[in-house]
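S.K.: Here's my sequence, what's the structure:
(2 chains)
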Amino acid sequence: MHYVFQFGVVWDHWPELLDGAVATLWMSCAAFALGLAFAVLCTFARTSRSRVLRGAVRGYVEVIRNTPLLVQLFIVYFSLPSLGIRIEADQAAVLGLALNFGGYAVEILRSGIEAVPRGQVEAATALGLRRLRIFRHVILFPAIRVSYPALAAQFILILLGSSVVSAISAEELTSAVNSLQSTTFRSFEFYFAALTIYLAMAAAARLLLDLTFWAAFTRGRPAMGARA
Amino acid sequence: MSRDFSGPELLFLLGALRWTVLLTVVAFIGGGLGGFIVALARVSPVRGVRWAATVFVGLLQGTPLLLQLFVSFYGLAVLTGVRLDPWPAVALAFTLYAAAFLGDIWRGTIEAIPAAQWEAATALGLRRWRTLRSVILPQAARIAIPPTVGFLVQLIKNTSVAAIVGFVELTRAGQLMVNVTFQPMVVYPLVAALYFAVCFPLTFAAGRLETRLDARLGR
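M.R.: Below you'll find the model as predicted:
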């Protein structure tokens, strides 16, 4: 092996790496929030009486789950402009990641909703609550509690999967590392640094999400299914 | 000068689909063998072996696939001084990636087999390896089928990331066709449709298998 590692150059560029990491985090959070909101809308549409609406949600979920994220990003960034919809690379990245996550989130929320006992919905109907209120209070919040672990796992997948948005020239950690390695010719060192940063961000995100779950759902409440 | 998108261009995409399938098959077979070893290592009685397998899985599941590809592609080329051909570099990265995920899935199914099965086999005088081979693995294999097919779909879709390092498979072929036809509105949805045609039957089958398995296990 003739290669001499020089990690000093990585240190010299820490501000760029930090900017990249922050952009990755920001993008992942935005895509998660947007995708979840969209998935909640789709989930509500799924309970609709309109067959067209239900079919549209089903089609959306199947298309997202059976095509690659990268191709979805290409469609958002390169194909939509032909229809006159032109968006910036960073916005296309967030939109693409959100649409992708939304497809999986609809399925996750569905299994959460199936865990809500039917009798509770009937009880709410008997109490005279309207459809939207039943959806919000009786179905959605318990469903989110059940779905939380799967949604949290999806956040980590977005965080790591967002590295492919560098392919549509959006700026985040992977694209920062790519341009640094091409100007410094220290590819291995920079890729190694990026791997470490992603690993640390994923671990920190997991810890934070677990703590949030504990604070929001576990602390001082009876276990799921327990009678008050 | 731009070409129209017609017969030859469609054939080019279909031809490239072959490389997507081939890369998937190579990674799935290599990753299957590796994943089998990882799963066994994860349930090994030796602590060091368990630890090594856990670190391997954690590293590959905790970092982006794209960076794993970069490291395999550029990193190794720099380290060894040999410019790697795209094929071995991409195949290596996807094999390791598949090994980590399949290893984790299969560990879960091995651990899902009730401890009483281990105890009964031990009481019958079977040794550890024999218990694993004749009692645990046959049962684990049955519940492993739906999530394994599910991962196969993930793998097919994720081979698209190889396009970013210039490996010509379906997605890269789509990019090349867009470069000559300037019709991203035709080409990319078509590329997506081809992935869909391959993945949807598998997703459907995985769902079916899972429902049937749940019914049989009385869940």
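S.K.: helices or strands up against the longest helix along chain A?
M.R.: Ranked by residue count under DSSP state H, the longest helix found in chain A is helix A:14-46. Packing contacts for helix A:14-46, counted by 3 or more Cβ pairs under 8 Å, 6 or more residues apart in numbering or on different chains; DSSP states H and E, involve helix A:51-65, helix A:89-114, helix A:141-161, helix A:173-184, helix A:187-213. All C-beta spots, glycine's among them, are computed from the backbone N, C-alpha and C.
S.K.: average pLDDT for the helix or strand that the second one is followed by?
M.R.: Downstream of helix A:89-114, the next assigned helix or strand under DSSP states H and E is helix A:118-126. Rounded to a whole number, the mean pLDDT of helix A:118-126 is 89.
S.K.: Using CSV, write out every CA atom in helix A:118-126.
M.R.: What follows is helix A:118-126 as a C-alpha-only set of coordinates in CSV (Å, rounded to 0.1, in the frame of the first residue of the first chain):
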residue,chain,number,x,y,z
ARG,A,118,-63.6,-1.0,16.4
GLY,A,119,-65.8,-0.6,19.5
GLN,A,120,-64.1,2.8,20.3
VAL,A,121,-65.1,4.2,16.9
GLU,A,122,-68.7,2.9,17.5
ALA,A,123,-68.7,4.4,20.9
ALA,A,124,-67.6,7.8,19.6
THR,A,125,-70.3,7.6,16.9
ALA,A,126,-72.8,6.8,19.5
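S.K.: quick one: it to chain centroid distance?
M.R.: With Cα atoms, centre = their mean, to the nearest Å as the basis, helix A:118-126 stands 32 Å off its chain's centre.
S.K.: and the angle for it with helix A:89-114?
M.R.: Put simply, helix A:118-126 runs at 100 degrees to helix A:89-114, going by axes from the mean of the first three to the mean of the last three Cα atoms, to 10 degrees.
S.K.: Out of the helices and strands packed on helix A:14-46, which is closest to residue A:73?
M.R.: helix A:89-114 (4.1 Å; Cβ to Cβ).
S.K.: Name the residues of the biggest helix by length in chain B that come out as buried.
M.R.: Across chain B, the longest stretch assigned as helix under DSSP H is helix B:7-42. Residues of helix B:7-42 classed as buried: B:9, B:12-13, B:16-17, B:19-20, B:23-24, B:26-28, B:30-32, B:34-35, B:38-42 (neighbour count, 16 or more other Cβ atoms under 10 Å in any protein chain shown).
S.K.: need the helices and strands packed on helix A:14-46 in CSV with mean pLDDT and mean neighbour count, can you?
M.R.: Shown next, in CSV, are the helices and strands packed on helix A:14-46 (pLDDT from 0 to 100; neighbours: other Cβ atoms under 10 Å in any protein chain shown):
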stretch, mean pLDDT, mean neighbour count
helix A:51-65, 95, 15
helix A:89-114, 94, 21
helix A:141-161, 92, 19
helix A:173-184, 90, 20
helix A:187-213, 92, 18
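S.K.: Reformat these as JSON lines; add distance to residue A:121.
M.R.: Putting the helices and strands packed on helix A:14-46 into JSON lines (distance: least, Cβ to Cβ, whole Å) gives the following:
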{"stretch": "helix A:51-65", "distance to residue A:121": "18"}
{"stretch": "helix A:89-114", "distance to residue A:121": "10"}
{"stretch": "helix A:141-161", "distance to residue A:121": "11"}
{"stretch": "helix A:173-184", "distance to residue A:121": "44"}
{"stretch": "helix A:187-213", "distance to residue A:121": "25"}
